[in-house]
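# attaching a predicted model along with its sequence, questions to come.
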Amino acid sequence: MRMTEILEAYMGIVALTLLAPIGAIAQIQTDAQAVNFCDVVGSAARYNGHALSVEVILWPSEHSVSLYGAACVPREGYNVTTQAILPSAWESQPNGRKLRGILEHHRPAKVLVVGIFESLGGPYGPDAARFRFSISKITSVSEQVSKSTTH
């Protein structure tokens, strides 16, 4: 093999390595099943590892960000705590700046997100959440204004 052929082969491998995660994210977003998050945590094993589109509340804490369904808030005796993993460069996504502004002020945000739900292998994160949701896309964001929502 000539040096140029070796270099071309190497560059092809590097390109595939860098582009593979982008393809995986695109696949998650097209395969995501729209579901009610309360149904997800109610049948957690059924949804483990699945790509989902869910409308949830993101709630910032001192150490992490959690999420929950508006109708299924974690409480004593009902542990549906879920760690939210924001995507890399999430602030550069179309709704990232708006979400950052809400979370920076330690306020909850109502969001529609796409990602992978995990229910096995926990507890997750510094707050020892029961579940984890790794977000790949932030579809919509609004400030959660309900005064009755506590976390």
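Everything's here; your move.
# gap between residue 54 and residue 36?
7 Å (CB to CB, to the nearest Å). All C-beta atoms are positioned from the backbone trio N, CA, C, and that covers glycine.
# shared neighbours, these two?
residue 69 (CB atoms under 8 Å, 6 or more residues apart in numbering).
# show me which of those two is the more surrounded one.
Set side by side, residue 54 and residue 36 give different neighbour counts by other CB atoms under 10 Å, the larger being at residue 54 (26 against 16).
# pull the contacting residues for the residue positioned nearest the centre of the chain.
The chain has residue 135 as the residue nearest its centroid, 2.0 Å off, counting by CA atoms, centre = their mean. Neighbouring residues of residue 135 by CB under 8 Å, 6+ apart: 84, 85, 86, 87, 90, 113, 114, 115.
# can you tell me the SS state at residue 115?
strand (DSSP: H, G, I helix; E, B strand; the rest coil).
# where's the spatially closest residue to it that is not a sequence neighbour, which helix or strand?
Beyond its immediate neighbours in the sequence, the residue positioned closest to residue 115 (CB to CB, 6 or more residues apart in numbering) is residue 135, lying 4.1 Å away. Element membership of residue 135 [criterion: DSSP states H and E] is strand 131-143.
# neighbouring strands - and their directions - for that strand?
Using DSSP bridges, strand 131-143 pairs in its sheet with strand 82-85 (parallel), strand 109-118 (antiparallel).
# so what does the helix or strand following the shortest one touch, helix or strand wise?
Just to be clear, that refers to strand 82-85. On the C-terminal side of strand 82-85, the nearest following helix or strand under DSSP H and E is helix 96-104. With contacts taken as 3 or more CB pairs under 8 Å, 6 or more residues apart in numbering; DSSP states H and E, helix 96-104 sits against strand 51-60, strand 109-118, strand 131-143.
# got a list of contacts for helix 96-104?
By CB under 8 Å, 6+ apart, helix 96-104 touches 58, 60, 65, 89, 90, 91, 108, 109, 111, 138, 141, 143.
# that older thread, could the contacts of residue 135 go into JSON lines alongside distance to residue 73?
Shown next, in JSON lines, are these (distance: CB to CB, whole Å):
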{"residue": "84", "distance to residue 73": "15"}
{"residue": "85", "distance to residue 73": "20"}
{"residue": "86", "distance to residue 73": "21"}
{"residue": "87", "distance to residue 73": "25"}
{"residue": "90", "distance to residue 73": "24"}
{"residue": "113", "distance to residue 73": "17"}
{"residue": "114", "distance to residue 73": "22"}
{"residue": "115", "distance to residue 73": "20"}
